[in-house]
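S.K.: one predicted model, sequence on top.
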Amino acid sequence: MTDRSPRDSSRTADGDPERVALGDLCVAVDVEATVDGERLTVRSSDGRIDVSADSLRTLRRLGSLWESLPNRIGRSLDRAPIGVHVGDVEVARIDPGVPAGPLARALGVAPARLDVGGVARAVLRGRW
């Protein structure tokens, strides 16, 4: 896994978010939200979706959000690469066709593949 931080801006020259193919869907995402006082950003760029949060705790709350998506979108999300970041550190990644490892399955975060080094860096920086 590479340590790839989300872009500060994922907009095209005309100001629109970049589109990412999700199976037969094409989506453009540029969302900033606050979850329990912490920042959460979801952006599409370079053919992937980047999810960035201030802490690992904020990312844990995404499971219920994921389940509330319409079925067609929820089923399509496993067809697009997704990078998951805490601050500027990549802690997990979802890539189409690449299975989650045993740790991710044991922790219930599959289909994501955890970057243990990235998780450790986030914890050491106090972002748990």
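M.R.: Arrived safely, thanks for sending. No experiment lies behind these values; they were computed from the predicted model shown.

S.K.: could you pick out the longest helix of this protein?
M.R.: Counting by DSSP state H, the longest helix found in the chain is helix 116-124.

S.K.: export that one as PDB, just CAs?
M.R.: The C-alpha trace of helix 116-124 is given here as PDB (Å, rounded to 0.1, in the frame of the first residue of the first chain):
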ATOM      1  CA  VAL A 116      -1.200  -1.800   9.900                       C
ATOM      2  CA  GLY A 117       1.700   0.700   9.600                       C
ATOM      3  CA  GLY A 118      -0.800   3.500   8.700                       C
ATOM      4  CA  VAL A 119      -3.100   2.600  11.600                       C
ATOM      5  CA  ALA A 120      -0.100   2.600  14.000                       C
ATOM      6  CA  ARG A 121       1.000   6.000  12.700                       C
ATOM      7  CA  ALA A 122      -2.500   7.400  13.300                       C
ATOM      8  CA  VAL A 123      -2.600   6.000  16.800                       C
ATOM      9  CA  LEU A 124       0.900   7.300  17.600                       C
END
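
S.K.: mind checking how far that helix is from the chain centre?
M.R.: Distance of helix 116-124 from its chain centroid, counting by C-alpha atoms, centre = their mean, to the nearest Å, is 16 Å.

S.K.: which residues does that helix contact?
M.R.: Outside helix 116-124, the residues that touch it by C-beta atoms under 8 Å, 6 or more residues apart in numbering are 1, 3, 55-56, 86-87, 89-92, 103, 128. All C-beta spots, glycine's among them, are computed from the backbone N, C-alpha and C.

S.K.: I'd say residue 41 and residue 34 touch.
M.R.: No. If you go by C-beta atoms under 8 Å, residue 41 and residue 34 don't touch, sitting 10.4 Å apart.

S.K.: of these two, which one has the most company?
M.R.: Higher neighbour count among residue 41 and residue 34: residue 41, with 18 against 10, using other C-beta atoms under 10 Å.

S.K.: tell me which other helices or strands the strand or helix carrying the more buried one touches.
M.R.: Per DSSP states H and E, residue 41 falls inside strand 38-45. The contact analysis (3 or more C-beta pairs under 8 Å, 6 or more residues apart in numbering; DSSP states H and E) places strand 38-45 against strand 19-22, strand 30-35, strand 48-53, helix 56-60.
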